[in-house]
Every structure is written in C-alpha cells, then in structure tokens.
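>>> Pasting the sequence and the predicted coordinates here, then a few questions.
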Amino acid sequence: MEKLIPGLHHFQTEVFRSKQELYSRLAEAQSPEVLFITCSDSRVLPNELTGAGPGELFIIRNAGNLVPPHGTPNNGEAATIEYAVAALEVRHIIVCGHTRCGAMQGLLHPEQLARLPEMRDWLRHAEPTRRILQESYSHLTGPSLQTAAVMENVLVQVEHLRSLPVVAEGLARRQLNLYAWVYQLESGSVHAYDPELGQYAPVVAVDGDSARARGRFGLRQVF
C-alpha cells in the first residue's frame, strides 16, 4: 500500500496531464476493438504485454481465465462478454492463459483446495480440461503436465465462448475473431494456437515495433 498513494500522485500529476486530450476523449466514450480474457494473476499485465494504451483493451480477469458456458446461472462473465460484443462491438476476443497458473495447479491437485471451496466450485468450468488431460496426457507429470493444462484450458474456454449466443452470432456474421494465447512467464513470450497446425507457436513481432505477427501466428483466429 505504501507505493500506491505516490503512484496515484504520479498518475494524476504526470501521466494524466501528459495525455489530457486522450483521457478527455475516453471520458466521453470507449471503443475498444479487443476483448482480452485472462487470469487474475498479478504477474500477467495485459496492457504492458500487448503495448495497448488506455481504451484499447476491454479486459475480463478471473482465476484461470475461465468462461462459464451458455446456460450457467448468474454468469457475470457472459454478461460482460455480451456487453463487449453487442454494445461495444469489439471485433476480436483473446483468451490468454499463462504458465505456472495457480488455478490449473488446483485443477490438477483438487486436494489442495480443501480450504478453498469457492475456488473448487469455480474450477468446475475447467472440468473438460481435466478430462482431456486424463485421456491424452497421462504420460506427463509435474511442470509439463501443468503447462499442458494451461494450453488445453485456453482452448476449452474458447469453446465455451463459442457457446454464448452473442459470440456465435458474431462468428456467423464474420464480425468476430477468436484467439487462443498462452503467456510464458519465464521468457515473456506469447504462444498462439494455430488450428491448421494443431499446436501453439510463438508470436514474433516484425521489425521490432510492429503489432503484426510473422506468418499467421497470433493474428490468425482459432475457429
């Protein structure tokens, strides 16, 4: 907490003033093109990771970057996604997991959640991930299994996204693109899923400062 008040002062006196015109415009309305769904983990910083400025990302964060499927009661994530797509008219939705995810650790070791009943209940939205791991990754253990859980879980949550009517409609009209990313905490790199290859591959910037990615990785939609 000791750092937060000086940080507020710096923002108000330096950052906000230096971008007064931008913030004045954003005060009137927002028009982000990207909905970024990621984990609550403090080590994942969407704006810093992507270089996006204020007003460019509409962000949903929760433990495990989960998207409860259509029909889930009291689905706050679905309501926020609906607002982003139908009201803000975002064109791109990124689901971004990350290595060393505590939620995936809990999914793999439910006995560790004995004192976290709400988390245990929340992780039911990742149950398909657990089944995939049991069926296809029984040969893995430890960190390798956890990384597989992270990668498969992102794809499961993209499927849950597709079950939401507002997303399905946007896809049918070709007005919406979905992406699956995994952020590597250890290296700072991002891997994106390529459906044609059936695997993740690194997103590589062009000329160092381009937002485009080399080849089809990163900017290619998942489905």
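Nice, I can see it.
>>> hey, where'd the strands end up in the chain?
Using DSSP state E, the strands found in the chain span residues 34-39, 57-62, 92-98, 177-183, 190-194, 199-202.
>>> Near residue 13, how many other residues are there?
Neighbours of residue 13 under the rule other C-beta atoms under 10 Å: 10. The C-beta positions use only the backbone N, C-alpha and C, and glycine is treated the same way.
>>> Now do the contacts for it.
By C-beta atoms under 8 Å, 6 or more residues apart in numbering, residue 13 lies in contact with nothing.
>>> Select, out of the strands of the chain, the one closest to residue 79.
Residue 79 lies closest, by C-beta to C-beta, to one member of the strands of the chain: strand 57-62, at 10.3 Å.
>>> now the closest one, how far from the chain's geometric center?
Distance, stretch centre to chain centre, for strand 57-62: 7 Å (C-alpha atoms, centre = their mean, to the nearest Å).
>>> Kindly report the same for stretch 122-135.
Distance, stretch centre to chain centre, for stretch 122-135: 18 Å (C-alpha atoms, centre = their mean).
>>> who wins for proximity to residue 83 among the strands of the chain?
strand 57-62 (8.5 Å).
>>> Quick one: the strands of the chain as JSON lines, columns for mean neighbour count and distance to residue 122 too.
Converted to JSON lines, the strands of the chain look like this (neighbours: other C-beta atoms under 10 Å; distance: least, C-beta to C-beta, whole Å):
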{"stretch": "strand 34-39", "mean neighbour count": "24", "distance to residue 122": "12"}
{"stretch": "strand 57-62", "mean neighbour count": "18", "distance to residue 122": "8"}
{"stretch": "strand 92-98", "mean neighbour count": "24", "distance to residue 122": "15"}
{"stretch": "strand 177-183", "mean neighbour count": "22", "distance to residue 122": "20"}
{"stretch": "strand 190-194", "mean neighbour count": "21", "distance to residue 122": "24"}
{"stretch": "strand 199-202", "mean neighbour count": "15", "distance to residue 122": "25"}
